[in-house]
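In: Model the following, please.
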Amino acid sequence: MQYIDYNERKIRGTFDFPIEFYHIDSQHPQYAMPYHWHVEYEIIRILEGSFTVSLDENEFQAEHGDVIFINSGTLHAGIPNNCIYECIVFDMNMLMKKDTVCQKYIQDIMNHVININQFYKKQSSEFHKAVWQLFDVMDHKSYGYQLIVQGCLYQFLGIILEHGDYVTDSLQTPQNHRRILQLKQVLELIENSYPDQITLDQLSKAAGMSPKYFCRFFQEMTHKSPIDYLNYYRVERACYQLLNTDTSITDISYGVGFNDLSYFIKSFKKYKGITPAKYRKLNYIPVY
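Out: Residues are numbered from 1 along each chain as shown. Sure thing, here's the model as predicted:
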């Protein structure tokens with residue numbers, strides 16, 4: 001799985017079965033989950049360790065056995081701690097079958113009339129059994145698995161509605177909604193312009209704030225300074241190129257926005273703990 005773009009636009013699964021499964025451990029190139037969002041819905045289960053999750057402006061600690069549900073359009077990020085986790089990302093439209101009694105419920109979820117709760121602690125329940133079956137079926141993909149997957153998704157959502165694990169009011173206040181939109185605008189600028197020299201003034205203007213207030217705002221939202229986060233994103237882009245191209249490290253450095261090779265290597269070690277050359281060697285994938 002890759003969380004490269006802040007607003008992911010990648011195709012999940014196939015056109016007629018838009019769902020994808022990802023297994024993430026410490027060897028994965030995008031082990032940490034940087035801020036991003038997508039129109040699809042996402043379910044995460046924690047297999048080992050812990051995972052600090054940020055959903056819009058909410059943050060909580062997920063442990064082994066916990067389940068996280070991420071609504072469409074939610075800005076989210078995660079920091080793993082000795083963690084192995086799995087994700088299923090799916091388009092809710094795959095459950096919108098015409099002339100079925102289920103259509104109204106799915107439509108209410110998609111229109112945010114029903115806002116599903118985001119965090120489910122480990123417990124022995126029919127909910128977790130449904131989630132575990134969904135992940136296991138998606139992992140093995142045996143003949144006819146698509147039928148079981150759709151059944152699991154209907155069961156998962158049905159249990160949530162039956163138990164009242166949702167709210168019918170907006171999860172965001174108008175002020176929080178505005179702050180999230182401002183952050184998304186900044187992240188869009190970083191995504192589109194990271195190879196260029198981006199100034200603090202440009203970032204603050206994207207959020208409609210003064211540089212001084214913007215720095216405080218960005219730190220509150222992401223727990224990083226704007227420049228630190230920009231360098232972090234550039235390193236993430238460099239990781240992708242190191243694993244998927246045979247481009248030289250020097251060219252990658254300049255291509256992702258670093259003007260100094262030594263500063264790139266220093267920044268890379270800060271976020272990944274090793275040099276770019278060692279990272280490429282340890283995670284080597286032949287480029288054809």
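In: where exactly do the helices run in this structure?
Out: 103-110, 126-140, 145-163, 174-193, 200-207, 211-222, 226-244, 249-255, 261-272, 276-282 (DSSP state H).
In: closest one to T52 among these?
Out: helix 211-222 (12.6 Å; CB to CB). In this view, the C-beta of every residue, glycine as well, is placed from N, C-alpha and C.
In: In the closest one, which residues are buried?
Out: Buried residues in helix 211-222, counted by 16 or more other CB atoms under 10 Å: 214-215, 217-218, 221-222.
In: Redo the residues you listed as a markdown table? Include distance to I44 and pLDDT.
Out: A markdown table is the format used below for the buried residues of helix 211-222 (distance: CB to CB, whole Å; pLDDT from 0 to 100):
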| residue | distance to I44 | pLDDT |
| --- | --- | --- |
| F214 | 30 | 96 |
| C215 | 31 | 96 |
| F217 | 27 | 95 |
| F218 | 25 | 95 |
| M221 | 21 | 90 |
| T222 | 19 | 89 |
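In: I'd like those residues written out as a markdown table, with distance to I114 added.
Out: Output for those, formatted as a markdown table (distance: CB to CB, whole Å):
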| residue | distance to I114 |
| --- | --- |
| F214 | 35 |
| C215 | 37 |
| F217 | 31 |
| F218 | 32 |
| M221 | 27 |
| T222 | 29 |
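In: What is the neighbour count of the residue lying closest to D196 once chain neighbours are set aside?
Out: Nearest-residue entry for D196: G257, 6.7 Å, with adjacent residues in sequence omitted and distances by CB to CB, 6 or more residues apart in numbering. Neighbour count for G257, taken as other CB atoms under 10 Å: 20.
In: Could you do V235 as well?
Out: V235 - counted by other CB under 10 Å - has 20 other residues nearby.
In: Can you check what pLDDT the model gives it?
Out: On pLDDT, V235 comes in at 94.
In: who are the neighbours in contact with the closest residue to it other than its chain neighbours?
Out: Leaving aside its chain neighbours, V235 sits nearest to Y271 (4.8 Å; criterion: CB to CB, 6+ apart). With contact set as CB atoms under 8 Å, 6 or more residues apart in numbering, Y271 has these partners: 231-232, 235.
In: From A32, how far out is Y271?
Out: 8 Å (CB to CB, to the nearest Å).
In: list the residues that contact both of the two?
Out: Joint contacts of Y271 and A32 (CB under 8 Å, 6+ apart) do not exist.
In: Give me the residues contacting stretch 272-288.
Out: Contacts to stretch 272-288, defined as CB under 8 Å, 6+ apart, come from residues 27, 29, 235, 238-239, 242-246, 249, 252-253, 264-265, 268-269.
In: L153: what's it in contact with?
Out: Contacts of L153 by CB under 8 Å, 6+ apart are 90, 94-95, 134.
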